[in-house]
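Engineer: with the sequence up front, the predicted model follows.
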Amino acid sequence: MTDWIKASNPTAAITTEAEAIGAARASALAIFLGVIWGGVGVFLLMTGGTAEIEAAMAQASADAPEMAGMGAMAMQIAMWSAIGVCVIQLVLGLVQWAKPNIVIPIIFAILVAFGLVSGVFGLMMAGQEGMPETAATPTWQLYVGFVILVIQLVLHIAGIRGARALDRIRMAAAQ
């Protein structure tokens, strides 16, 4: 357990190839955490979250009767898109675990940072005049999502450092 804690620490010194691989795999763990959280979101969408979305769709269809049948289709598209994103993340996480590289952690670190910034700005702008009403997302879900994003960012930073150190160590061994 202490090896994973050390590998996940973005400030730990990386001196051996095993430490570098462990640190690079921290990014894969962050991706798997995102897959689990995405699975929770899909589950909530399929079970409890549909009532709020259907109520919002009914209100929108009352405002625009010609769009009345689009609610169920939009919900299906959202659900299958979320499942597709989870599958893509799972594949990329497995690739990062099997063959650690620096590209996947960089891409995911950028996406996670964008998610954090846009989430914070979304919360700040939610009460402003002229802004659309936010969906009925439970408060616990918002805060757990932010905590997961911060954990993922730390793990991706550790993954970037580990992949960079792994490249450096392997290049030094090849010469």
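Structural biologist: Good, I have the coordinates.
Engineer: by mean pLDDT, which helix or strand of this structure comes out lowest?
Structural biologist: Confidence across the helices and strands of the chain bottoms out at helix 49-63, with a mean of 61, counting by mean pLDDT, DSSP states H and E.
Engineer: right, and the helix or strand after it?
Structural biologist: Next helix or strand after helix 49-63 toward the C-terminus (DSSP states H and E): helix 70-98.
Engineer: helices or strands up against that next one?
Structural biologist: Using 3 or more Cβ pairs under 8 Å, 6 or more residues apart in numbering; DSSP states H and E as the contact test, the elements touching helix 70-98 are helix 17-46, helix 49-63, helix 103-125. Using the backbone N, CA and C atoms, a C-beta is placed for each residue, glycine as well.
Engineer: change it to 10 Å
Structural biologist: Other helices and strands packing on helix 70-98, by 3 or more Cβ pairs under 10 Å, 6 or more residues apart in numbering; DSSP states H and E, are helix 17-46, helix 49-63, helix 103-125, helix 139-174.
Engineer: need the distance between the two termini of stretch 5-23.
Structural biologist: Distance across stretch 5-23, first residue to last, is 9 Å (Cα to Cα, to the nearest Å).
Engineer: so what's the residue count around I21?
Structural biologist: Counted with other Cβ atoms under 10 Å, the burial measure for I21 works out to 18 neighbours.
Engineer: for it, give me its contacts.
Structural biologist: By Cβ atoms under 10 Å, 6 or more residues apart in numbering, the contact set of I21 is 7, 14, 97, 100, 162-163, 165-166, 169.
Engineer: before we move on, back to that, and the helices and strands packed on helix 70-98, which is most packed in?
Structural biologist: Most buried of those by mean neighbour count (mean count of other Cβ atoms under 10 Å) is helix 17-46; its value is a mean of 20.
Engineer: report the inter-axis angle for that helix versus helix 139-174.
Structural biologist: Using axes from the mean of the first three to the mean of the last three Cα atoms, to 10 degrees, the inter-axis angle of helix 17-46 relative to helix 139-174 is 150 degrees.
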